[in-house]
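A.B. asks: Dropping the sequence and predicted coords here.
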Amino acid sequence: DAKTTQPNSMESNEEEPVHLPCNHSTISGTDYIHWYRQLPSQGPEYVIHGLTSNVNNRMASLAIAEDRKSSTLILHRATLRDAAVYYCILINAGNMLTFGGGTRLMVKP
Amino acid sequence: DTAVSQTPKYLVTQMGNDKSIKCEQNLGHDTMYWYKQDSKKFLKIMFSYNNKELIINETVPNRFSPKSPDKAHLNLHINSLELGDSAVYFCASRRGGFYEQYFGPGTRLTVT
């Protein structure tokens, strides 16, 4: 499975935008980019996914580089409830999720 | 309505015992999964299962076995529990294709 690389942790101020980067230089043409997050003491929660084009939903936006070797999850206005570990995952045809270490996002009031 | 539910939420047991964790999804999904999250917080896939196929992560000991009485349930049975089995176990389900997975709240297993 293609691997992803994310910073271990990031900090943000409340109500400011947050850009969470993910590198996936070995991505294949059929890999989808998925983002999940895990709030403390909860199961992972789906955030967003995309293949080639940028995507928006009610939770976040996903910006995918033209060569698809990196992507950025954008939280437009961070809230305290967004403090979580964010995982960037590549999904192949077998669709087995392989989680890396993720990025721990800390939001300061 | 809980989409993916697990019971029990907490399970404390002694080494050598056999235990089961139950998972149910009411989403009508075709595929269900079990994940293990250890003390270092890494999430590892254990099993992927639908009506047709069981895919096992080869690193999972054969003391662990998934049992699916029907499409909405995937239980995890563990024989001869060991200290290293202590972890949080998550069940998940997915509709199909490249759609998102929905996770349960987790079962914290402590083996003493």
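C.D. replies: Yep, it's here. Residues are numbered from 1 along each chain as shown, chains lettered A, B, ... in the order given.

A.B. asks: Flag every buried residue along stretch B:50-62.
C.D. replies: Under the neighbour-count criterion of 16 or more other Cβ atoms under 10 Å in any protein chain shown, stretch B:50-62 has B:Asn50, B:Ile55, B:Asn57, B:Val60 buried. (C-beta placed from N, C-alpha, C; glycine too.)

A.B. asks: Looks like the second one contacts B:Met46 (just checking).
C.D. replies: No: proximity of B:Ile55 to B:Met46 does not meet the contact threshold set by Cβ atoms under 8 Å, at 10.0 Å.

A.B. asks: Okay, now the sheet partners of the worst-scoring helix or strand of chain B on mean pLDDT, with direction.
C.D. replies: Using mean pLDDT, DSSP states H and E, strand B:54-56 stands out as the lowest-scoring helix or strand of chain B, at a mean of 79. According to DSSP bridges, strand B:54-56 forms sheet pairs with strand B:43-49 (antiparallel).

A.B. asks: count of residues packed around B:Phe42?
C.D. replies: 14 (other Cβ atoms under 10 Å in any protein chain shown).

A.B. asks: residues in contact with it?
C.D. replies: Contacts for B:Phe42 (Cβ atoms under 8 Å, 6 or more residues apart in numbering or on different chains) come out as A:Phe99, A:Gly101.

A.B. asks: With B:Gly96 instead?
C.D. replies: Applying Cβ under 8 Å, 6+ apart to B:Gly96 gives the contacts B:His29, B:Asp30, B:Thr31.

A.B. asks: Which of those ranks first by neighbour count?
C.D. replies: B:Thr31 leads the contacts of B:Gly96 on contacts (other Cβ under 10 Å) with 23 neighbours.

A.B. asks: Is that residue in contact with B:Ser93, as I believe?
C.D. replies: Yes: at 6.6 Å, B:Thr31 counts as touching B:Ser93 under the criterion of Cβ under 8 Å.

A.B. asks: Setting aside sequence neighbours, what's the nearest residue to A:Asn23?
C.D. replies: Leaving out its chain neighbours, the residue that sits closest to A:Asn23 by Cβ to Cβ, 6 or more residues apart in numbering or on different chains is A:Thr5, at 4.3 Å.

A.B. asks: er, A:Pro40 actually
C.D. replies: A:Ala84 (7.4 Å).

A.B. asks: OK, contacts around the one you found?
C.D. replies: A:Ala84 sits next to A:Arg37, A:Gln38, A:Leu39, A:Pro40, A:Arg104, A:Leu105 when contact means Cβ under 8 Å, 6+ apart.

A.B. asks: Kind regards, and thank you for your time.
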